[in-house]
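got a structure for you, letters missing:
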């Protein structure tokens, strides 16, 4: 075997997954078609749950050092959402270009000896009971690589997904727009802010400063709707859009890069196909409304990484790897639903403007804000983890903890010293600490998975975690 896992794609999803696998001791190879980083950056934000995930591993400070701003709110089709209602140390969005996230993750990988093979394009794959064989074209020609698993994190046009023949149901795009990085002159503004997506007959034109006169530009209007998906974006198209929305106050000096995107909405039926798994845009594509795409993919990787590592190490319980699909597919489906709803609120129609007003009033109420803000931020995710008795924390995230080792954690109150003996057989997979969570004044003992989600809860002196330990951490290494 050339590696335990081949990861196709060196975007944020693939790089985070490779980091998780490296942390667990797996041998990883990352394949990337592009010969070098382009510096282009589609996404520009980390949502609160993604920030929490990076903090779990002790990586957030380094990422924040590369950030440009924080945005104190989220948005739904441009309508503001309050994140401060949640128990999180990060009730805001981190404003950071995707390229800087990738840079940190790749630097960490290579610093730990994990190869990122740039200029290597996956052409084909075949799998059997023992592993996956990938045919790869690189600078030295074609070769085959062998691994126990392969993960396709190679974007919306995923070669891995196509070679699998995986069903990708959904709908084609109906609305087109342009995203670009451009050097501008004039009164383009210098502050990071939530996008202004109130549509009119001219569509939208949103500008966000990236420093040194460089701006992210999103342009969507009648001219963009008539363009072919693969048609090049010209300087004149950008200039015309700027004139339409800003008159002579903002002028184009240089167009660094530009591409077209649509509101196409699709999701694979299965995230796992034997020894091949799909994550990020390879598994789902959607309207970028709400700034969820990069975050959805990174959270896929965080869910998959420790489960795949457990299988490779030989201690995964039966069906553990299948829970990746079971847990993440519904989350992806919900994002597709909410982005389609946001797309409707962006239609330039007088009746839609009235509807936006209704939504704005609804989102100003605490209940509606919490529901939608939890969805967009990723803070409301609660996986279907069974337990007795059922508890409000079960399946949800536990904030304000660190799991730098990538292992599980059992937290218990001072009165539950008996739990130390209960978890001892799993000491190679689960750490222990005194200092339990509380809820409504009651002391809790909790078992937390490596991805920060609670898989067992007990109040007071009752309850033992044995069943949960078997379910999520396999058979004990010692009795």
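Nice, thanks for sending it over. The structure displayed is predicted, hence computed values, not measured ones.

is it true that residue 116 touches residue 110?
Yes. Counting by CB atoms under 8 Å, residue 110 is a contact partner of residue 116 at 6.2 Å. C-beta here means a position set from N, CA and C on the backbone, and glycine is covered the same way.

Between these two, which is the more surrounded one?
More crowded of residue 116 and residue 110, by other CB atoms under 10 Å: residue 116, with 20 against 12.

where does that one land on pLDDT?
The per-residue pLDDT reported for residue 116 equals 97.

so what's it up against?
10, 15, 18, 30, 32, 106, 109-110 (CB atoms under 8 Å, 6 or more residues apart in numbering).

again, only using 7 Å
Counting by CB atoms under 7 Å, 6 or more residues apart in numbering, residue 116 makes contact with 10, 30, 32, 106, 109-110.

Restrict the residues you listed to the buried ones and give me that as a PyMOL selection.
In PyMOL syntax, the buried subset of the contacts of residue 116 is picked out as below (16 or more other CB atoms under 10 Å):
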select buried, resi 10+30+32+106+109
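
The contacts of residue 116: which two are farthest apart?
32 and 110 (12.3 Å; CB to CB).

re the thing from before, now, which of the contacts of residue 116 sits nearest residue 349?
Nearest to residue 349 among those, with distances taken as CB to CB, is residue 10, at 40.8 Å.

Please enumerate the helices of the chain.
12-23, 48-56, 60-64, 98-111, 159-164, 222-225, 235-246, 293-313, 323-344, 350-363, 366-377, 418-423, 466-473 (DSSP state H).

Show me what the third one packs onto, helices and strands only.
When you say that, I think you mean helix 60-64. Packing partners of helix 60-64 (3 or more CB pairs under 7 Å, 6 or more residues apart in numbering; DSSP states H and E): helix 48-56, helix 98-111.

In it, which residues are buried?
Buried-residue list, helix 60-64, by 16+ other CB under 10 Å: 60, 63-64.

and the protein, what are its domains?
3-169+266-342, 176-262, 408-473 (automatic domain parsing).

The first one: end-to-end distance?
The straight-line separation of the ends of domain 3-169+266-342 (CA to CA, to the nearest Å) is 42 Å.

just stretch 414-429 next, same as before
OK, stretch 414-429 end separation, CA to CA: 22 Å.

what do you get for stretch 461-470?
21 Å.

what's next to it, contact-wise?
With CB under 7 Å, 6+ apart, stretch 461-470 has contacts from 317, 387, 410, 415-416, 419, 422-423, 426, 447, 455-456.

returning to what we had before: select, out of the helices and strands packed on helix 60-64, the one closest to residue 358.
Of the helices and strands packed on helix 60-64, nearest to residue 358 by CB to CB is helix 48-56, at 26.4 Å.

quick one: the closest one to helix 293-313, angle?
For helix 48-56 against helix 293-313, the angle by axes from the mean of the first three to the mean of the last three CA atoms, to 10 degrees is 40 degrees.

Any buried residues in helix 48-56, and which?
For helix 48-56, using 16+ other CB under 10 Å, the buried residues are 48-56.

From the contact counts, what lies against that helix?
Helix 48-56 packs on helix 60-64, helix 293-313, going by 3+ CB pairs under 7 Å, 6+ apart.

ok so, going back, rebuild the helices and strands packed on helix 60-64 as a markdown table, extending it with mean pLDDT.
A markdown table is the format used below for the helices and strands packed on helix 60-64 (pLDDT from 0 to 100):
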| stretch | mean pLDDT |
| --- | --- |
| helix 48-56 | 98 |
| helix 98-111 | 96 |
